[in-house]
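In: Sequence first, predicted coordinates after that:
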Amino acid sequence: MKSGCVIADGARWIWKVVKELYPEAVEVLDYYHLSEHLHKLAEAQYGHDPERAQEWIEATLARLFSGEASGVIWGLERMKPRSAEAKSEIDSLIGYLKENKDRVDYKFYRKGGYPVGSGGIESSNKTICHVRLKRSGAWWYVEKANQMLALRCARYNGTFQKLFLRYMEKFMHTWR
C-alpha cells in the first residue's frame, strides 16, 4: 500500500518531481482544478444555455467523483462541438484527463481517506505563511523566513516542543 498523498494540478513537471521525491505517494489531481477545466469547456460548448452548461458540469463532476473517468473521456470523444473554440476545449480536456487518468479515481481516494482538493493546504498556507510573512511593512531574508515558517509549521502541527528541545540540545552542545 502506498503512503502519503500529493495533490496537484496537471502540470507534468510537478508530477515528475513528485515521482522523484515521493515515489510511494498517492497522486491526486486536484478536483477543483479539474472542475475549472470543465467550466471552461461548458462555457465554450453551452455558453448560450447556462442551465444546460451547469447540468453538464454537475453530471460530469458526479461521474468523475464516482470513479468513471473512462466514461467521461468516452463521452467527450463523442461530443459534437458547437464551435472551433469548443472543439479546442474538448480536445484539451480529453488530453488532460487521459494524461491524468490514474490521478482522478476520486471514489478510491475518498474511500481511502485521502483528500481530493488542495483547499485545505492552500488555506493552511495562507494562515501559517502569508499572515506572518506578508504583513504590511514586513520584509525577510530567505534564511530567516524559512526559519520562521519552520517554527510556525511546528506550532500548528503539534511538533513545536520537539523542535524546541532539539534546538536546545544543539545550543547546549555548542556551549560545552
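Out: Happy to help now that I have it.
In: When you work out contacts or count neighbours from here on, use the C-alpha atoms and nothing else.
Out: Will do.
In: mind giving me the domain split of this protein?
Out: With domains defined by automatic domain parsing, the chain comprises 5-111, 119-174.
In: Look at the longest one and report the distance between its end residues.
Out: Spelled out, that is domain 5-111. End-to-end distance for domain 5-111, by CA to CA, to the nearest Å: 14 Å.
In: same check, this time on the last one
Out: Here the two ends of domain 119-174 are set 42 Å apart, with distance taken as CA to CA.
In: tell me the average confidence for it?
Out: Mean pLDDT, domain 119-174: 81.
In: Wasn't residue 35 part of a helix?
Out: Yes. Residue 35 forms part of a helix when assessed by DSSP: H, G, I helix; E, B strand; the rest coil.
In: ok, it - how many residues close by?
Out: Other residues near residue 35 come to 16 when the count uses other CA atoms under 10 Å.
In: Now do the contacts for it.
Out: Taking CA atoms under 8 Å, 6 or more residues apart in numbering, we find residue 35 in contact with 57, 61.
In: in stretch 40-50, what's buried?
Out: 40-47 (16 or more other CA atoms under 10 Å).
In: residues contacting residue 106?
Out: The contact partners of residue 106, by CA under 8 Å, 6+ apart, come to 64-67, 116.
In: how much space between it and residue 75?
Out: For residue 106, the distance to residue 75 equals 18 Å [CA to CA].
In: looking at the domains of the chain, which is buried most?
Out: Burial of the domains of the chain is given as mean neighbour count (mean count of other CA atoms under 10 Å); domain 5-111 ranks first at a mean of 17.
In: which helices and strands sit right next to the helix or strand containing residue 73?
Out: Per DSSP states H and E, residue 73 falls inside helix 69-78. In this structure, helix 69-78 makes packing contacts with helix 50-65, helix 84-99, judged by 3 or more CA pairs under 8 Å, 6 or more residues apart in numbering; DSSP states H and E.
In: Just send those back as CSV, with mean pLDDT too.
Out: Putting the helices and strands packed on helix 69-78 into CSV (pLDDT from 0 to 100) gives the following:
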stretch, mean pLDDT
helix 50-65, 95
helix 84-99, 96
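In: Now that we have the ones you listed, can you turn them into CSV and tack on distance to residue 131?
Out: Output for these, formatted as CSV (distance: least, CA to CA, whole Å):
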stretch, distance to residue 131
helix 50-65, 33
helix 84-99, 34
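In: Ok, which of the ones you listed comes nearest residue 126?
Out: Proximity to residue 126 (CA to CA) singles out helix 50-65 among the helices and strands packed on helix 69-78, at 27.1 Å.
In: Sounds good, over and out.
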